[in-house]
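build me a model from this:
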Amino acid sequence: MGVAYMSQIDLVELGIRVKEARRERGLTQGQVAVMIGSSRSRVIAFENGYAPDISINTVIHMLNAVGLDFRLSTFNDGCPTLDDLQAEQAEEDARNARRGLPQPRW
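Predicted coordinates for the structure are as follows:
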């Protein structure tokens, strides 16, 4: 799962991402609930976009339990950061290496 940028926090979108990541890791909703000290019904509600009173701490614990992380940063209007560009270049270099293409010399 790549980096996603959101200008607003959308709990429905976060719930969808938690569900996807949980499934990718082979975790059940019950396992996630135990990991974060909550109930399975709370995990289900969040994944389905209905958890209006959920705390930010619970959301962060749930994200971490399924291998996601939540970062707040200054808004850069969707422009990639240096880290993003370096990661993209590293991925491109790795693809080129697998194809036997020469590596750029910077």
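
contacts and neighbour counts: CA atoms only from here.
Noted.

which element is the residue nearest the centre of the chain on?
Nearest residue to the geometric centre of the chain (Cα atoms, centre = their mean): Leu68, 4.0 Å. Using DSSP states H and E, Leu68 falls within no helix or strand.

next one: Asp83
With DSSP H and E as criterion, Asp83 is part of helix 82-99.

just how off-centre is that helix within its chain?
Distance, stretch centre to chain centre, for helix 82-99: 20 Å (Cα atoms, centre = their mean, to the nearest Å).

can you pull the domain assignment for this structure?
According to automatic domain parsing, the chain comprises the domains 1-72, 74-106.

what are the phi and psi values for Ser39?
With angles defined as degrees, to the nearest 10, Ser39 sits at phi -100, psi 160.

name the nearest residue to it, ignoring sequence neighbours.
Excluding the flanking residues, the one nearest Ser39 by Cα to Cα, 6 or more residues apart in numbering is Ala33, at 5.2 Å.

same question for Lys19.
Glu47 (5.7 Å).

thought that neighbour was touching Glu20?
No - Glu47 lies out of contact with Glu20 (Cα atoms under 8 Å); the separation is 9.2 Å.

same drill for the two, tell me which one is more crowded.
Legend: neighbour count by other Cα atoms under 10 Å for Glu47 and Glu20, higher for Glu47 (22 against 15).

what about that one, distance to Gln89?
In this view, Glu47 and Gln89 are 33 Å apart by Cα to Cα, to the nearest Å.
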